[in-house]
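> My questions concern the predicted model and sequence given below.
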Amino acid sequence: MRLFHEITWSALGAIGRSPISKIAIIMPFIGYILLLQDDVSRFMSPFVVNGDKLDFELGIGFYFLYFGLFLFGFGSFLFQVASPDTAKRFSSADEYVERIHSVTNNSDLTPRLVFILQHVEVGSVVEKEASLYKNALSTGVGSSSQQAAKIFTLRNFFEIKDKSRGVFRIAVFFLFSSGILLTMVPSFIALGRVGRDFSRNYL
C-alpha cells in the first residue's frame, strides 16, 4: 500500500500532461473504426486463403495494440477529469511554489491554510504549523514571516492535492501501465518472428 501512496498525480502527470496522452483520448474511437468497421479492417488486414477464396484476418498483435491504446486513452481521459489543476499545470511542488509564489497574497493563503487544516491529521506538525500561520495572517505578520507562510502553505497545499482521490490515482496508474504494456506486445511478437526467421535461415 505504501507504493500506491507514493503514486502521486504529479508523477502520473509526466504521462498525463504530454501531448501524446491528450491525443490518446480519442484512441478508443479510432480503435473502434479500425477494428469494427469491415471496410477499414479489410484494407489494413493481411489476406489468408480460405478454401477457394481469400479472407482478411486480423493478427493478434493488432488486438493487443487496440486494447492497449484503448486502456491508455481511457487513462488519459480519467487523468484529465479527476486530477487536480495543480497536477495538470505543474510537475512538482518546487515548480508550483516557484511560479505561484510571486502572485500569491495573504488573502490567497488563508483559504489554502483552511484546506490544509481540513485534510491533515489533527495534532500533526503540519496541522500545528498551519494553525500558527493562519492565526498570524489574521493579525498581520512581517515580510519575513509572510514569505515563510507562503512557502509552507503553497508546498503543503500542492502535496495534499497531489495525493488526493486515491482510487482515481490508482485507476489511472493501472490504465497507463496496462495500456503501455499491451501496446508493446506487438513489438515483441515481431521481434520473436524476426529472431525465428533469422535462426532458420542463418543458423
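That came through fine. Residues are numbered from 1 along each chain as shown.

> mind listing the helices in the protein by residue range?
2-6, 9-16, 19-24, 27-36, 38-44, 60-82, 85-89, 93-100, 106-119, 125-139, 143-162, 166-202 (DSSP state H).

> and the angle from the second one to helix 143-162?
Same thing as helix 9-16. Between the axes of helix 9-16 and helix 143-162, defined by axes from the mean of the first three to the mean of the last three Cα atoms, to 10 degrees, the angle is 60 degrees.

> Would you mind pulling the contact partners of helix 9-16?
Taking contacts as Cβ atoms under 8 Å, 6 or more residues apart in numbering, the residues outside helix 9-16 that touch it are 21, 75-76, 79-80, 83-84, 86-88, 90-93, 161-165, 169, 172-173, 176. For every residue, glycine as well, the C-beta is placed using N, CA and C.

> Likewise for stretch 72-84?
Against stretch 72-84 from outside (Cβ under 8 Å, 6+ apart): 9, 12-13, 15-16, 21-22, 24-28, 31, 88, 161-162, 164-165, 168-169, 171-172, 174-176, 179-180, 183.

> and the residue nearest to His119 when sequence neighbours are not counted, what does it touch?
Excluding its sequence neighbours, the residue lying closest to His119 (Cβ to Cβ, 6 or more residues apart in numbering) is Ile160, at 5.0 Å. Taking Cβ under 8 Å, 6+ apart as the criterion, Ile160 is in contact with 115-116, 119-120.

> With Thr110 instead?
Contacts of Thr110 (Cβ under 8 Å, 6+ apart): 134, 137-138.

> Neighbour count and pLDDT for those - can I get that in JSON lines?
Output for the contacts of Thr110, formatted as JSON lines (neighbours: other Cβ atoms under 10 Å; pLDDT from 0 to 100):
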{"residue": "Lys134", "neighbour count": "18", "pLDDT": "89"}
{"residue": "Leu137", "neighbour count": "18", "pLDDT": "83"}
{"residue": "Ser138", "neighbour count": "11", "pLDDT": "79"}
